[in-house]
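1. got a predicted structure here, sequence first:
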Amino acid sequence: MLALSGIRKTFHTGTVNEVRALRGVDLTIEPGSFVIVLGMNGSGKSTLLNAVAGSFYVDEGSIELAGHDVTKWPEHKRARLIGRVFQNPFSGTAPTMSIAENFALACRRGQSRGLGWALAPNLMQPLRERIATLKMGLEDRLDNAIGSLSGGQRQALTLLMATWLKPELLLLDEHTAALDPKSADQVIQLSDEVIQRDKLTTLMVTHSMQQAVSLGDRIIMMHRGQVLHDIRGAEKKRLRPEDLLDRFDEVRRRELLDESAAAILNELYI
Ligand SMILES: Nc1ncnc2c1ncn2[C@@H]1O[C@H](COP(=O)(O)OP(=O)(O)OP(=O)(O)O)[C@@H](O)[C@H]1O
């Protein structure tokens, strides 16, 4: 289970560039739940995932994962529990190393690196079989540098690596946004299969309404660093993309109202 309690994060505190990116997030995610994270640009989606992964320490609040209070754990220690795939296919893999070597690294996530780069021989066959299920012909290219592959192939492999050790939590941050539509569909389908098969607790950021309604069992919509909507159960099942668009319209109206209120206040005090 993932439990966030009163999470706050401000960047550039006390300067003109101050951004209150997370303003008190309380969120509990049950084991095996697949949660879609939606929200407008700058609403705090990536910051939420980064806070959980330990890319920085939060200013306030606590983060509990799989029974551990990880609030003060450094990122590399949290990596033992967390698998992650980023938007950029070039993140998360070592481009000059082979597919097999990258998997060897993934198998040692969060452990010391003094063990060499080679994949244990007994893992080679299961790896080949697993990669063959991608139907991308990569099972015969385990010695190829991962940097020589297409974005879609890399993201598919990165996903397999991130989930190879069945993490307590999988974080997907717009992981298909940089791919062509066909590759994006393939990687989304693969993600769904892996998540369902291994019952992985997952947080997936997307801007796609279609993905939001067709995937997962819960949607949280972020707005100005807080969770504005939390949709699950029967409501999530019957949700249509138009319903989500209505919610986004509501958010835009709020923004406009906030902006006009700020403008009126400015006029009053100038
Ligand atoms: N490392 C950082 N330093 C300074 N500001 C940051 C940092 N990370 C995020 N922010 C700011 O925090 C706010 C929330 O950003 P975040 O990336 O979480 O939004 P998002 O909802 O993921 O947006 P998008 O959909 O555009 O990716 C933004 O104003 C952003 O500029």
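-> The structure has been received and is ready for your questions.
2. let me know the pLDDT of residue 65.
-> Confidence at residue 65, expressed as pLDDT, is 98.
3. that one bridge partners, please.
-> Legend: beta-bridge partners of residue 65 under DSSP bridges are residue 2, residue 68.
4. count the residues that sit near it.
-> Residues contacting residue 65 under the criterion other Cβ atoms under 10 Å number 23. Placement of C-beta: from N, CA and C, glycine included.
5. and if you look at the one 10 residues further on?
-> A count of neighbours around residue 75, defined by other Cβ under 10 Å, yields 15.
6. my read: it touches residue 53, true?
-> Yes. Contact criterion Cβ atoms under 8 Å: residue 75 and residue 53 qualify, at 6.2 Å.
7. for the residue in the stretch 51-200 of the chain that the ligand sits nearest to, give me its contacts.
-> Here the stretch 51-200 of the chain gets closest to the ligand at one residue, residue 174, 6.8 Å apart by Cβ to the nearest ligand atom. Residues near residue 174 by Cβ atoms under 8 Å, 6 or more residues apart in numbering: 87, 205-207.
8. out of the residues you listed, which are buried?
-> Taking 16 or more other Cβ atoms under 10 Å as the criterion, what is buried in those is 87, 205-206.
9. narrow the residues you listed to those in helices?
-> Among the buried ones among the contacts of residue 174, no residue falls in helices (DSSP state H).
10. now the residues you listed as TSV including distance to the ligand and pLDDT?
-> Shown next, in TSV, are those (distance: Cβ to the nearest ligand atom, whole Å; pLDDT from 0 to 100):
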residue	distance to the ligand	pLDDT
87	8	90
205	7	98
206	10	96
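11. out of the residues you listed, which is nearest to residue 41?
-> Nearest to residue 41 out of the buried ones among the contacts of residue 174 is residue 205 (Cβ to Cβ; 11.6 Å).
12. I'd say that closest one and residue 41 touch.
-> No. Residue 205 is beyond contact range of residue 41, at 11.6 Å (criterion: Cβ under 8 Å).
13. what are the pairing partners of the host helix or strand of residue 36, and which direction each?
-> Per DSSP states H and E: residue 36 is located in strand 34-39. Sheet pairing here is set by DSSP bridges, and for strand 34-39 it gives strand 202-205 (parallel), strand 218-223 (parallel).
14. okay, the ones you listed, which one's buried deepest?
-> For the strands paired with strand 34-39, average neighbour numbers computed from mean count of other Cβ atoms under 10 Å are highest in strand 202-205, which has a mean of 25.
15. circling back to that earlier point, ok, of the contacts of residue 174, which one's closest to residue 108?
-> Nearest to residue 108 among the contacts of residue 174, counting by Cβ to Cβ, is residue 87 at 24.6 Å.
16. okay, the closest residue to that closest one other than its chain neighbours: pLDDT?
-> Of all residues not flanking residue 87 in the chain, residue 174 sits nearest, at 4.3 Å (Cβ to Cβ, 6 or more residues apart in numbering). We have a pLDDT of 96 for residue 174.
17. next: residue 111.
-> Reported pLDDT for residue 111: 63.
18. so which of the contacts of residue 174 belong to strands?
-> Judged by DSSP state E, these include residue 205 as members of strands.
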